[in-house]
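Colleague: sequence and predicted structure are below.
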Amino acid sequence: MNKENKKIAQEHRAQEREKQQKKNRRKEILANWGPIVIIAVVAVALVVAIVTSGGSDADEVEEGSEIGFTYIDENGNAMEVTDWTEVDEEEEEENELDTTAGTVVEDGDMVNIDYAGYLDGEAFEGGTAEDEDVTVGAGEYIPGFEEGLIGHAVGESFDMPVTFPDGYSDELGGKEVVFKVTINGIYQ
């Protein structure tokens, strides 16, 4: 090989080495910075999606529009709730407690009561309350408690036997107790 060809071959190899080094540097940069760039692009895309969707601020909801959410009832069944009534403080104050003696409790009434629970004649922990508001039929108390108020009248005191559900607690689960109840009034 003559000197000129040898020089050309050396230059060609030098150029190939330089190309390979540049390629290796690009791979190294991508390996180090690629995941960061991908995360940044995804973050920007999420911000754009949120901004263009209008966000979820309740202040932005137009009056009269339906807002829905899923409610899980006590039996584990999902129910879509899209209709509710907003109660402001003025409306709440309009619900006055009617203490007229003889007014009878009906299903759906909100009543104010005092009660004390007894197991085998002994008061049990957590079984006593005064001025407790109970909505009859709402299912917020053990089965039979709210229903046991129906038909009783304001000013009346009575004993109401109720059986706690199995598994309620070690002390009360599956046991019959007696609640001594006084109906203070019914909200109007």
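Modeller: Good, I have the coordinates. Numbers count the residues shown, from 1 in each chain.

Colleague: neighbours around the closest residue to D131 other than its chain neighbours, how many?
Modeller: Nearest residue to D131, sequence neighbours excluded (Cβ to Cβ, 6 or more residues apart in numbering): N112, at 5.9 Å. (Glycine included, C-beta is placed from N, CA and C.) If you count neighbours by other Cβ atoms under 10 Å, N112 ends up with 19.

Colleague: surely N112 is in a strand?
Modeller: Yes. According to DSSP: H, G, I helix; E, B strand; the rest coil, N112 belongs to a strand.

Colleague: for Q20, give its distance to I8.
Modeller: 19 Å (Cβ to Cβ, to the nearest Å).

Colleague: report the buried residues of stretch 122-140.
Modeller: Across stretch 122-140, burial judged by 16 or more other Cβ atoms under 10 Å covers 124, 127, 134, 136.

Colleague: between those, which is closest to P35?
Modeller: Comparing the buried residues of stretch 122-140 against P35 with Cβ to Cβ places V134 closest, at 57.9 Å.

Colleague: okay, now the residue nearest to that closest one when sequence neighbours are not counted: neighbour count?
Modeller: Nearest non-adjacent residue to V134, counting by Cβ to Cβ, 6+ apart: V111, 5.5 Å away. A count of nearby residues for V111, using other Cβ under 10 Å, gives 25.

Colleague: can you pull the contacts of V111?
Modeller: 105, 133-134, 136, 149, 183-187 (Cβ atoms under 8 Å, 6 or more residues apart in numbering).

Colleague: redo that, cut-off 7 Å
Modeller: Contact partners of V111, counting by Cβ atoms under 7 Å, 6 or more residues apart in numbering, are 105, 134, 136, 149, 183, 185-186.

Colleague: mind putting the residues you listed in JSON lines, secondary structure, distance to S157 and pLDDT included?
Modeller: Shown next, in JSON lines, are the contacts of V111 (DSSP: H, G, I helix; E, B strand; the rest coil; distance: Cβ to Cβ, whole Å; pLDDT from 0 to 100):
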{"residue": "V105", "secondary structure": "coil", "distance to S157": "13", "pLDDT": "95"}
{"residue": "V134", "secondary structure": "strand", "distance to S157": "15", "pLDDT": "95"}
{"residue": "V136", "secondary structure": "coil", "distance to S157": "17", "pLDDT": "95"}
{"residue": "L149", "secondary structure": "helix", "distance to S157": "12", "pLDDT": "96"}
{"residue": "I183", "secondary structure": "strand", "distance to S157": "8", "pLDDT": "97"}
{"residue": "G185", "secondary structure": "strand", "distance to S157": "14", "pLDDT": "95"}
{"residue": "I186", "secondary structure": "strand", "distance to S157": "15", "pLDDT": "95"}
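
Colleague: what is the nearest of those residues to I36?
Modeller: Nearest to I36 among the contacts of V111: V134, at 58.4 Å, using Cβ to Cβ.

Colleague: residues in contact with the closest one?
Modeller: Counting by Cβ under 7 Å, 6+ apart, V134 makes contact with 111, 113, 141, 146, 149.
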